[in-house]
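**Student:** For reference, the sequence and a predicted model appear below.
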Amino acid sequence: MELADSLTPLDKANLWLGLNFDEETRAAVEMLIKSESPDLDDSFYRSLEFGTGGMRGIMGVGTNRLNKYTLGQATQGLANYLHSQFTGEEIKVAIAYDVRNNSREFGKMCADVLTANGIKVLLFKDHRPTPELSFTVRNKKCNAGIVLTASHNPPEYNGYKVYWDDGAQIVPPHDEAIIKEVLNTKYEDIKFNGNNDLIEWVGEEQDDVYIDACIENSLYQKDKIGYDNLNIVFTSIHGTTYTTVPKALEKAGFKKIDLVKEQMIPSGNFPTVASPNPEEPAALEMALDLAKITNGDIVIGTDPDGDRLGIAVRNLNGEMQLLNGNQCNTILTYYILDQWKKAGKITGNEFIGSTIVTSDIFFDIAEKFGVDCKVGLTGFKWIGKMIRDFEGQEKFICGGEESFGFMTGDFVRDKDSCGSILLACEIAAWCKANGRTMYQYLIDIYKDTGIYYEGLINVTKKGREGAEEIQQMMKDFRENPPKDIAGSKVAEVKDFQEQTSLNIAENKKSIMDDIPKSNVLIYYTEDGTKVCVRPSGTEPKIKFYVSVKDELKSESEFENQISVLSEKINKVKKDLNL
C-alpha cells in the first residue's frame, strides 16, 4: 500500500515496529532507527514500485526494499485479481526462481500466499531459467506465472515478475488492474498461512519438455551440418542455465562443448565476476580464457535468470570478440528469414518483432525478405503482446531487442537464451563447414543492408537525489532538444510520452498513438544517426542508445568503417555532454 506522502521516512519506519510485522523485521528496523543510518531514508522514503511487469529492488526491510512484506503485498494483490478474472475456475500459477540470495525462500513465500488464497501453485523444486517459466505457463495451461529474479543486477538486488496465461509478461489492461489491487492491499491483509496440499512440485521432467521445444523451434539443418566439428565454450556465470543449456546442446547433437566449471556452480554472490552481465566482456573473461586453450569457435554466456545471452566469435584477426546485442540479433534474424525463404514458408503474412531502442537494421532485413517488422516499447513483454494481438492473423517468426535478448517462434513468450544458443551454434557450425565464421557472416549481411553500429551509454544516479536528477535530465532533453548531433542537423524528434513526432524542417507535429505512452525521446539526424534517451525501469540509470550507419562495399573495408562509426559515436557523446 502506498503510504501518505506527508509521512517522513522515520514515521514510516516506526509503523514497521507494529505487530503486523514479524520479530526479525521489527528488530532490523529498530536497528536502522537507532543507528541513524543513511539507509533509513532510502529504505522508507517511498514505496517500492510495483510496475507494469513487477518490481526489482535492493533486499532489506522497508517500503522501498524487496522483502517478505513488499513481495507478499504484490502476491496478495495478484491473488485478488486472479479471483476476479477467473471466477468459478480452478486457478493455477507457476512459480520459478533464479539463483539469487533469498530467491528460493521468496518463491515458497509467494506460493504460501497464493495457496492461502485457494490458488493451486506449480512450484519448481530448484533454480530454473525465466524462459522455462514462460514456457511452463503455456505448457501447463496456468492462469499466471511468477518468477523471482533481478536479471543481471548486483547481488544485493532481487525482483518479481508476473506473467499472464499466454506466457508473456503482463501488459495492459491486466498490469494496471493488478497494480491497483496491490496498492489497495494493506500489509495486514496478506495471507501468509499457505496450504502445502495445493502445491505441485515441478522437477527435471519439465526441463526435457522445454528443451525438446527449443530444439524443435530453433534448428533448421536437418543433416546437422558441422555440428560435430564446432568448438563451443559455455558459461552460466553462476546462473540458472546450468540446468538446461548443456543438456540442450548435447541433445541437439553438438559434440564439442567445454564448460567453465567454476562458473557452472549456482551462486547469488556471483563470486568470479564483478557483474553477472553477459553484455560486458569482463563477465566472459574466464570463458574467453578457456577458448584460447580449447581453440573455441564460439563463446556463450548467460545472465542469472537465463533469458539474456552474450556471444563472442573470432573476428577477422582470429581473435575472440564480443558481439553487441544488435549484432547477435542481426545474425540470428537474417539466418532464420533466409531459411524460411529457402523453404518457401514466407507468404507475406509474417512478422518479426523489435523495440524502439533497437537498431533500425531490422526494418531493412524485414523488407529484404518480404515480412513486416513490428516495433514496441522497450521490454520483451511488448513483443509478447504483438504475438497475442496478431495471433491467427499474422505469423510471428522471431524477435529481439538490443539488450541481448532474442526468441525464436512463439512457444516461449519471453526472451530465451536456450533456443537462441542452439540457433547461434547451428549458424556457427554451418559457417565453419563452409569455410567462414559468424563474424564474416555478419559482414556479409552488412554488405547487403548497410552497416549499422551502436553504442550504449549508461549514466548512473543512485538514491533519492539520483532519481530527481534523472527526472531533470529528461525534462531538459524534452524542453531543449539538441539542434545538431555529431555534425548533422536533428531532423526529427519522437516523444513517446507526448506520443508525437516533430518534423524539424517543417515544424510540424504528427500523432504517434500506435505505441503506448512512455518516458522516451528519440532524435534522428539528417544522416540517419539515431539517439534514444530513456530512464531505466529497473536500475538507477538514464540510458542513451546511439546508432550510426553507412554503406559497406567489401569485407576489407569493414574494420576501417567500424573505426569511423565508433569515432562518430564518441562525437555524439561529446555533443550530448555524456
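**Tutor:** Received, thanks.

**Student:** so where's the chain uncertain?
**Tutor:** By pLDDT under 70, the weakly predicted segments of the chain are 1-5, 52-53.

**Student:** Run through the strands of the stretch 351-500 of the chain in chain order.
**Tutor:** Taking DSSP state E, counting those that start in this stretch, the strands of the stretch 351-500 of the chain run over residues 372-376, 395-401, 405-408, 451-460, 484-485, 488-495, 500-503.

**Student:** Which of these sits closest to Leu230?
**Tutor:** Proximity to Leu230, assessed across the strands of the stretch 351-500 of the chain by C-beta to C-beta, is greatest for strand 405-408 (18.7 Å). Where C-beta positions appear, they are placed from N, C-alpha and C, glycine not excepted.

**Student:** For the stretch 151-300 of the chain, just list every one of the helices.
**Tutor:** Applying DSSP state H, counting those that start in this stretch to the stretch 151-300 of the chain gives helices spanning 174-183, 204-218, 245-252, 285-294.

**Student:** which other helices and strands contact the first one?
**Tutor:** So the one you mean is helix 174-183. Secondary-structure packing of helix 174-183 (3 or more C-beta pairs under 8 Å, 6 or more residues apart in numbering; DSSP states H and E): helix 68-85.

**Student:** quick one: the helix it packs on to helix 174-183, angle?
**Tutor:** 120 degrees (axes from the mean of the first three to the mean of the last three C-alpha atoms, to 10 degrees).

**Student:** Contacts made by helix 68-85 with the rest, please.
**Tutor:** 1, 21-22, 25, 47-48, 50, 54-55, 57, 63, 91, 93, 106, 109-110, 113-114, 117, 119, 143-144, 146, 160, 162, 174, 177-179, 181-185, 187, 189-192 (C-beta atoms under 8 Å, 6 or more residues apart in numbering).

**Student:** what comes up buried for it?
**Tutor:** By 16 or more other C-beta atoms under 10 Å, the buried positions in helix 68-85 come out as 68-83, 85.

**Student:** Ok, stretch 504-517 next?
**Tutor:** Ile504, Ile515.

**Student:** Count the residues that sit near Asp484.
**Tutor:** For Asp484, the count of nearby residues is 11 (other C-beta atoms under 10 Å).

**Student:** tell me the domain boundaries of this structure?
**Tutor:** Following automatic domain parsing, one finds the domains of the chain at 9-202, 209-449, 451-575.

**Student:** Just checking the distance from the second one to the centre of its chain.
**Tutor:** If I follow you right, that is domain 209-449. 14 Å (C-alpha atoms, centre = their mean, to the nearest Å).

**Student:** Equivalent analysis for the first one, please.
**Tutor:** In terms of C-alpha atoms, centre = their mean, the gap separating the centre of domain 9-202 from the centre of its chain is 19 Å.

**Student:** and the end-to-end length of that domain?
**Tutor:** Domain 9-202 has an end-to-end distance of 41 Å (C-alpha to C-alpha, to the nearest Å).

**Student:** One more: the last one?
**Tutor:** Start to finish, the residues bounding domain 451-575 are 23 Å apart (C-alpha to C-alpha).

**Student:** distance between that domain and the chain's centre?
**Tutor:** Domain 451-575 has its C-alpha centroid displaced from the chain centroid by 20 Å (C-alpha atoms, centre = their mean).

**Student:** Setting aside sequence neighbours, what's the nearest residue to Asp207?
**Tutor:** Thr244 (5.8 Å; C-beta to C-beta, 6 or more residues apart in numbering).

**Student:** contacting residues around that neighbour?
**Tutor:** Per C-beta under 8 Å, 6+ apart, neighbours of Thr244: Arg128, Pro129, Glu132, Asp207, Tyr210, Ile211, Gly306, Cys418.

**Student:** residue boundaries of the strands in the stretch 51-200 of the chain?
**Tutor:** Counting by DSSP E, counting those that start in this stretch, the strands of the stretch 51-200 of the chain are 54-58, 92-97, 120-124, 144-148, 157-164, 199-202.

**Student:** Give the pairing partners of the third one; include direction for each.
**Tutor:** Sheet pairing for strand 120-124, assigned by DSSP bridges, gives strand 92-97 (parallel), strand 199-202 (parallel).

**Student:** if we can go back for a sec, I'd like the strands of the stretch 351-500 of the chain as JSON lines, with distance to Asn329 appended.
**Tutor:** What follows is the strands of the stretch 351-500 of the chain, written out as JSON lines (distance: least, C-beta to C-beta, whole Å):
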{"stretch": "strand 372-376", "distance to Asn329": "12"}
{"stretch": "strand 395-401", "distance to Asn329": "3"}
{"stretch": "strand 405-408", "distance to Asn329": "5"}
{"stretch": "strand 451-460", "distance to Asn329": "11"}
{"stretch": "strand 484-485", "distance to Asn329": "25"}
{"stretch": "strand 488-495", "distance to Asn329": "22"}
{"stretch": "strand 500-503", "distance to Asn329": "25"}
